[in-house]
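> below are the sequence and a predicted model; questions follow.
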Amino acid sequence: MRQVTVQLFGAFSDLDPRREVIVEVAGTRIADLRVALRELLVVRWPGFRAELLDYSAFADTQQVLRDHEALPADGRVAVLPPVSGG
Amino acid sequence: MQPQDSWKVVDRADAGLDAAEGIAFVSDPGVGGIDVFIGTVRDLNQGRRVRGITYDLFEPLVLGEFERLVAETRAAFGPRIRLYVAHAKGRLAVGDVAVVVAAGAPHRDEAFRACRALIEAVKHRSPIWKQEHYEDGDSVWSEGCSLCHAQDQETLR
């Protein structure tokens, strides 16, 4: 298992005042993180719309990371719900 | 960054956005047309009275995305175009400026089209989220465009 720190933005930021959550991930890909975070959302925040994760993206500070890509070496990832700037 | 490009994020707690700054930046003796988009906070959305909006940004990625979008716009409209993007973060009141995009070009057609392309790309691809605050005390995060397949999208056409 690998620990990944997920930075929370938009609607996800309401989950934790520190705006981040530690997720235990069994695997090395973004897809593995998506599965682990989905499970954690259901257990820890049962009132939250966990399905929001299905159409949210992940990113490091440089780029959006697709599900087939590897988790960043520094173990820090941002979760990005659908955007609404402007 | 090309000397004729500028992009930034401005914390509302520090300053408001200034469209005049964008116009001044894209002004140049070689520019014959300037188009500016100014996005402001309005007082009504889907029948609910709005008191303000909080903008949340993943700032390092926003700045990187602005750089990519400006580069794409430049590639589409040519080297003589001048581009400016500024987006607010933090809590804004009704009437406050949330975003300014300015494009200067030798002729009006490129200025209009480049400005439109750039603001649409900013809205659809930048990791920015708005939370609307209503007069009844409720607050709701708006949901717009998913970035799950952003790299597959071609926004400049």
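Okay, I see it.
> is the residue in chain B that chain A sits nearest to bridged to anything, and to what?
The minimum distance from chain B to chain A, using CB to the nearest CB, falls at B:Ile128 (3.0 Å). In short, each C-beta sits where N, CA and C put it, glycine included. For B:Ile128, the beta-bridge partners are B:Leu57 (DSSP bridges).
> that one reaches A:Pro81, doesn't it?
No - the criterion here is CB atoms under 8 Å, and B:Ile128 misses it with A:Pro81 at 11.0 Å.
> neighbour count: the two, which is higher?
Neighbour tally, B:Ile128 and A:Pro81, criterion other CB atoms under 10 Å in any protein chain shown: the higher count belongs to B:Ile128, 29 against 26.
> what residues does the more buried one make contact with?
B:Ile128 makes contact with A:83-86, B:55-57, B:62, B:87 under the criterion CB atoms under 8 Å, 6 or more residues apart in numbering or on different chains.
> now stretch B:82-94, how far from the centre of its chain.
Distance, stretch centre to chain centre, for stretch B:82-94: 7 Å (CA atoms, centre = their mean, to the nearest Å).
> does chain A have contacts with it?
Yes - counting by CB under 8 Å from any CB of the partner chain, chain A has neighbours in stretch B:82-94: B:His87.
> list the buried residues of that stretch.
By 16 or more other CB atoms under 10 Å in any protein chain shown, the buried positions in stretch B:82-94 come out as B:82-90, B:92.
> and which of those is nearest A:Gly75?
Distance to A:Gly75, by CB to CB, is smallest for B:Lys89 among the buried residues of stretch B:82-94, at 25.8 Å.
> what helix or strand does that closest one sit in?
strand B:82-93 (DSSP states H and E).
> tell me the mean pLDDT over stretch B:41-49?
Mean per-residue pLDDT for stretch B:41-49: 96.
> export that stretch to PDB, keeping only CA atoms.
Provided in PDB are the C-alpha atoms of stretch B:41-49 (Å, rounded to 0.1, in the frame of the first residue of the first chain):
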ATOM      1  CA  VAL B  41     -20.400  38.700 -10.700                       C
ATOM      2  CA  ARG B  42     -24.100  39.100 -11.400                       C
ATOM      3  CA  ASP B  43     -26.800  39.200  -8.800                       C
ATOM      4  CA  LEU B  44     -29.100  36.400 -10.100                       C
ATOM      5  CA  ASN B  45     -28.500  32.800 -11.200                       C
ATOM      6  CA  GLN B  46     -31.200  30.300 -12.000                       C
ATOM      7  CA  GLY B  47     -33.700  32.300 -10.100                       C
ATOM      8  CA  ARG B  48     -31.700  32.700  -6.900                       C
ATOM      9  CA  ARG B  49     -30.400  36.100  -5.600                       C
END
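> so which bits of it are buried?
Counting neighbours by 16+ other CB under 10 Å, stretch B:41-49 gives B:Val41 as buried.
> does chain A sit close to it?
No - shown here: stretch B:41-49 not in contact with chain A (CB under 8 Å from any CB), separated by at least 11.0 Å.
> centre of the chain to that stretch, how far?
20 Å.
> who's in contact with that stretch?
B:50, B:52-53, B:92-96, B:98, B:132, B:134-136.
> partners of the next helix or strand after the strand holding B:Lys89, with directions?
Proceeding N to C from strand B:82-93, the next assigned helix or strand is strand B:97-105, under DSSP H and E. When pairs are called by DSSP bridges, strand B:97-105 turns out to pair with strand B:33-40 (antiparallel), strand B:82-93 (antiparallel).
> strands of chain B, start to end?
Applying DSSP state E to chain B gives strands spanning B:5-11, B:33-40, B:44-45, B:48-57, B:82-93, B:97-105, B:128-134, B:139-141.
> quick one, which of those strands is packed in tightest?
strand B:97-105 (a mean of 26; mean count of other CB atoms under 10 Å in any protein chain shown).
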